[in-house]
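Asks: Quick one, structure for this:
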Amino acid sequence: QVRLAESGGGSVQTGASLNLSCAVSGRTLAGGGMSWFRQAPGKEREFQAAISLHSGATRYADSARGRFAIARDTQNSVLLQMNSLKPEDSAVYYCAATRKYALASLPHNYEYWGQGTQVTVSS
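Replies: Residues are numbered from 1 along each chain as shown. Modelled structure (predicted):
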């Protein structure tokens, strides 16, 4: 079993930065991919960024490209650096992992999920 735990959320003002971290424990993810999704109240879970655990290749949603950066920090953690935050970025951010796909963007492609961390951006 793979367990994921997010940290680093918080309340910030427009234009600020936040760094989210996803710690992986349990069984090792030898390949596949990890990603970040977000979900605002009343909305569907939305893909933000993914990273291939084999090649390090990345993929971003249009809303994240140029402002967010996903990176593998250690063997057991993935980061999401978020810059120039806007109120519309407010959501619960989830870390997800899959053994099957490298850069998937759909929630049903991921077998493992964290509990989420709240990000609130005020104007």
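Asks: Give me the most central residue, this structure.
Replies: W36 (1.9 Å; Cα atoms, centre = their mean).
Asks: Mind pulling up the pLDDT for T117?
Replies: Confidence at T117, expressed as pLDDT, is 98.
Asks: tell me the pLDDT at the closest residue to it other than its chain neighbours?
Replies: Closest residue in space to T117, ignoring its immediate chain neighbours: G9 at 3.4 Å, by Cβ to Cβ, 6 or more residues apart in numbering. Backbone N, C-alpha and C define where each C-beta goes, glycine included. We have a pLDDT of 96 for G9.
Asks: Kindly provide the distance from G9 to A50.
Replies: 19 Å (Cβ to Cβ, to the nearest Å).
Asks: So these two - more neighbours on which side?
Replies: The neighbour count for G9 versus A50, taken as other Cβ atoms under 10 Å, is higher for A50 (26 against 19).
Asks: Tell me what the residue nearest to the centre of the chain is bridged to.
Replies: Assessed by DSSP bridges, W36 has beta-bridge partners A49, C95.
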